[in-house]
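Student: coords please:
(chains A and B)
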Amino acid sequence: MTAPGLVHSAFFYRGESEYLGEVLPFVMDGVVRGDSVVVALPADKLALLRTALGEAVAGVEMSDMGEVGRNPANTFAMFAAALSAERPGRRLWAVAEPVWPTRTCYEYPACVQNEALYNVAFADCDLVTLCPYDAAGLPADVLADARRTHPLIRRGGRDIPSADYGWRKAFDEYNRPLAADPRAASFVVAEPGDLSEARTFASDRAHALGLSAERISDLHLIVTELATNSLNYSGTGCRLTLWRRAGELICEIRDGGRFDDPMAGRRPAARNAVNGRGLLLVNALADLVRVHTSDTGTTIQASLPLGSAAGMGI
Amino acid sequence: MKRHHGVVDSAGGLIPFGHLGWGYRDRAEFLSRAGEYIADGQTLNQWVEYVGAGTREQLRAELDTVPGIADTGDVRVTPVLEFYAVADGSDTVDPDIAVATRVAAVHEAIEQGYTGFRAIVDATAVTMRPDQRDAFARFEFLIDQKMATLPVSALCAYDTTQLPEEASGLICLHPLVNRGASAFRLYAESGAAFALEGEIDAANAETLTTVLERIWPVAGRSGSGDLVIDAGSLEFISHRELLTLDRFARRDDRQVTLRGSSPVVARLARLLDLTNLHLEHAGLPGR
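Tutor: Reported below is the predicted structural model:
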């Protein structure tokens, strides 16, 4: 057994038998040791593994990655919670499939950045993670990115170092400029006194774009948290813009500051702590959060689903 | 029955009672509101009292310039320190003495055949210093609790040219306020220690903290210490300010229940690991 520390491996599979041939022994290894095992997979893979596990499924916490990891940033809170619930001296085993063929090219950069940061966030944790990638269904550049965001590649039950590993480079490469819909109206938040009007602007726009009444609360919280963060940290005020994009409402905040803490919004807040919760909340409320930052400014786009006519805008 | 509450553009029509906080920038605006408030009191045969800085003679002279009042002869005038029974040599209102004095005056008005009591108070002179504001905020909170049940109300005016940042922390302690004076209100409501109404975010976070520091020690002091806050009209609160409420509750080991929370408050409360603040389940009896 190796010393405590993160083991983070990518695994490239073609077909169900290869999938189970690697994932099943990995899960069973954790189960027979009496450790905790957390599995987050797309629904079809979840069903496949559930059947293969049989009675052993009782010892495994299983989640649909399409829900818990729809916004990939939220998986950090899930793993952190599983780690903090772990008994001392025990190891946590995780299977997490972060990318699947219907992930859109708008979502994908957030997935890569999330995988990259996983190496930092859990570096000191006794956590063994296997990340399956569908080599038959995913483009070659996605698999190449997986080699850069995972220090290890698993094959035949063994981990070998990834020659291409370099999480920082992968993270930075997907820090890509984000464009707003040029036709969309904007609202400038120059000071905290503008926040109330910003919420009204956002809900008026969102209503016209088809956001359901139940999600208006989420939108108000997202707008307030993002704009408040901008006012606190950028010193420039910010511009709020909303538009419809491929079945989603995009809520964008653009400011003139640099956003230097990629772990903000992923790092769990200390109990009773006042700071560090704004972006965590935004991640919890939004389907996806995209970030671009540079010396000249930061853009954050949060997505909320618009009705049932959601299209895949890949 | 719910009290009159919300944002108003006039001091008229708040009948039979309405505790109104008003921030004014020029004296003519204040006098117009005073006229509206006095006229309703006269119509309803309430004891009406005009209170402010200055002597009786000065107040009487100013009262005669109030627009819209045909006869001010039945309106009493009282210097503000006297109105709140401030001890000689002091200029700070003692909340408990002031409340007892005001309640006694209501009973006296009823005994004399009036249908109630209403005051028009310019409180600027007794709220110029932080210690004065601490004391007067406590008075405002406590008297509002009385106003929820007794036949009494007041138009409490504050000169925002003298209290540019500070007035909102006093005006928000009224169920009724003028437009733009305070985005949130904290006032007495039946079955609760107080109601929170309006929108709370970074724009008024400091005001909320200041107000809670002032009123928390006297909120619900007659009971076990545990509190119910009526949040039915709280349209928005951001996470830091909800955590502020939780922190106040935790600080003196109180359990605080938010009653009738809006969807946004309920959503937020479920996402935060609150320790001493709880949502009351919607639809329970007593709402």
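
Student: give the contact list for residue 130.
Tutor: Reading this off chain A. By Cβ atoms under 8 Å, 6 or more residues apart in numbering or on different chains, the residues touching residue A:130 are A:9, A:11, A:22-23, A:26, A:94-96, A:154. Heads up, the C-betas are built off the backbone N, CA and C, glycines and all.

Student: closest to residue B:43 among the residues you listed?
Tutor: Of all those, residue B:43 sits closest to residue A:96, with 72.0 Å by Cβ to Cβ.

Student: Could you find the closest non-adjacent residue to that closest one?
Tutor: In space, and not counting its chain neighbours, residue A:96 is closest to residue A:40: 5.0 Å by Cβ to Cβ, 6 or more residues apart in numbering or on different chains.

Student: how far away is the one you found from residue A:64?
Tutor: 8 Å (Cβ to Cβ, to the nearest Å).

Student: Looking at the two, which one has more neighbours?
Tutor: residue A:40 (23 against 15; other Cβ atoms under 10 Å in any protein chain shown).

Student: mean confidence score for the host helix or strand of the more buried one?
Tutor: Applying DSSP states H and E as the criterion places residue A:40 in strand A:36-41. Mean pLDDT, strand A:36-41: 96.

Student: Chain neighbours aside, what residue packs nearest to the spatially most central residue of chain B?
Tutor: Central residue of chain B (Cα atoms, centre = their mean): residue B:174, 2.8 Å from the mean position. Residue nearest to residue B:174 in three dimensions, not counting chain neighbours: residue B:21, with 3.3 Å by Cβ to Cβ, 6+ apart.

Student: For that neighbour, list the residues it contacts.
Tutor: Contacts for residue B:21 were tallied using Cβ under 8 Å, 6+ apart; they are B:140, B:156, B:158, B:170-174, B:176-178, B:181-182.

Student: before we move on, what about residue A:290?
Tutor: Counting by Cβ under 8 Å, 6+ apart, residue A:290 touches A:106, A:109-110, A:178, A:300-301, A:303.

Student: coming back round to it: looks like the residue nearest to the centre of chain B contacts residue B:194 (just checking).
Tutor: No: using Cβ atoms under 8 Å, residue B:174 is not in contact with residue B:194, being 11.7 Å away.

Student: Show me where the chain has its strands.
Tutor: All of this is about chain A. Taking DSSP state E as the test, the strands found in chain A are A:7-13, A:36-41, A:60-64, A:92-96, A:127-134, A:152-155, A:158-161, A:186-189, A:238-245, A:248-255, A:288-294, A:297-305.

Student: Oops, wrong one, chain B.
Tutor: B:6-8, B:20-24, B:47-52, B:76-79, B:117-122, B:152-159, B:176-178, B:184-187, B:194-200, B:227-237, B:256-259, B:277-279.

Student: Turn the ones you listed into a markdown table, including mean pLDDT.
Tutor: A markdown table is the format used below for the strands of chain B (pLDDT from 0 to 100):
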| stretch | mean pLDDT |
| --- | --- |
| strand B:6-8 | 95 |
| strand B:20-24 | 98 |
| strand B:47-52 | 98 |
| strand B:76-79 | 98 |
| strand B:117-122 | 98 |
| strand B:152-159 | 97 |
| strand B:176-178 | 98 |
| strand B:184-187 | 98 |
| strand B:194-200 | 97 |
| strand B:227-237 | 95 |
| strand B:256-259 | 95 |
| strand B:277-279 | 94 |
